[in-house]
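# predicted model and sequence follow; I will ask about them next.
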Amino acid sequence: MWRRRASGQMIQQETTPRPPSHAEPQGRHPPPCRLWGPHAAMWPAGALALCSLILSTTGDPSRDFCSQILNSDVIPGSPKTIKTNNPGVLKAARHSVERFNNCTNDIFLFKESHISRALVQIVKGLKYMLDLEISRTICKKTKHPSLDNCDFQTNSTLKRTLSCYSEVWVIPWLQRLEVPVLLCH
């Protein structure tokens, strides 16, 4: 029989059979194990078990692998810093700029000129959080050229750079990219 401790942990308890009026409903099972929540304290034990399993099956696990798991300060679901030249980051930055270009009345297109910080979070897809600079190009919106072929403005009166924060949500299985947040100044 399964019972819940005061801490919220489910434990199996050996008991003598009860009369049918108090019996557990047929097909009732304990809730699935959750890694985060009331059972979060079980994470180091689970990682230790994983390392033990690797040792028993391979005979020689990488100590680095097990120590990375046990000493990891990365929390699943929390934002993680990634390199600004990561292909996913570059695609998210370009999508942010395209949204900016569609929302402004500027005659010229803007293009990402510098990505200073990038974070990624796994939330029903990937959520990229970017600090970037975008700059005005010499390409006019009416011609719709590829931004890859657009050089930045050199004319000092037309030159303009904006600092932006953008969040881009990538849902690959739906082939969707959304920009729920885009703030530029």
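Right, received. Where do you want to start?
# can you get me a residue count around the nearest residue to Thr104 once chain neighbours are set aside?
Distances taken as CB to CB, 6 or more residues apart in numbering put Phe110 closest to Thr104, at 7.7 Å, once the chain neighbours are dropped. Bear in mind the C-beta positions are built from the backbone N, C-alpha and C, glycine included. Applying other CB atoms under 10 Å, we find 28 residues neighbouring Phe110.
# and Phe110, what element?
When elements are assigned from DSSP states H and E, Phe110 belongs to strand 108-122.
# so which residues of the chain form helices?
43-58, 63-70, 87-103 (DSSP state H).
# got the buried residues for the longest one?
It refers to helix 87-103. 89, 92-101 (16 or more other CB atoms under 10 Å).
# could you give the angle of that helix to strand 108-122?
140 degrees (axes from the mean of the first three to the mean of the last three CA atoms, to 10 degrees).
# output helix 87-103 as CSV, nothing but the C-alphas.
Taking C-alpha atoms only, helix 87-103 is exported to CSV below (Å, rounded to 0.1, in the frame of the first residue of the first chain):
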residue,chain,number,x,y,z
PRO,A,87,23.2,29.2,-34.9
GLY,A,88,19.9,29.2,-32.9
VAL,A,89,20.9,32.6,-31.4
LEU,A,90,21.7,34.0,-34.8
LYS,A,91,18.4,32.8,-36.3
ALA,A,92,16.5,34.3,-33.3
ALA,A,93,18.3,37.6,-33.7
ARG,A,94,17.5,37.7,-37.4
HIS,A,95,13.8,37.0,-36.6
SER,A,96,13.8,39.8,-34.0
VAL,A,97,15.2,42.2,-36.6
GLU,A,98,12.6,41.2,-39.2
ARG,A,99,9.8,41.8,-36.7
PHE,A,100,11.4,45.2,-35.9
ASN,A,101,11.5,46.1,-39.6
ASN,A,102,7.9,45.1,-40.0
CYS,A,103,6.8,47.3,-37.1
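# neighbouring contacts of it?
82-83, 109-112, 115, 118, 120, 126, 128, 130, 132, 134, 141, 147, 164, 166, 168, 170, 177, 179, 182, 184 (CB atoms under 8 Å, 6 or more residues apart in numbering).
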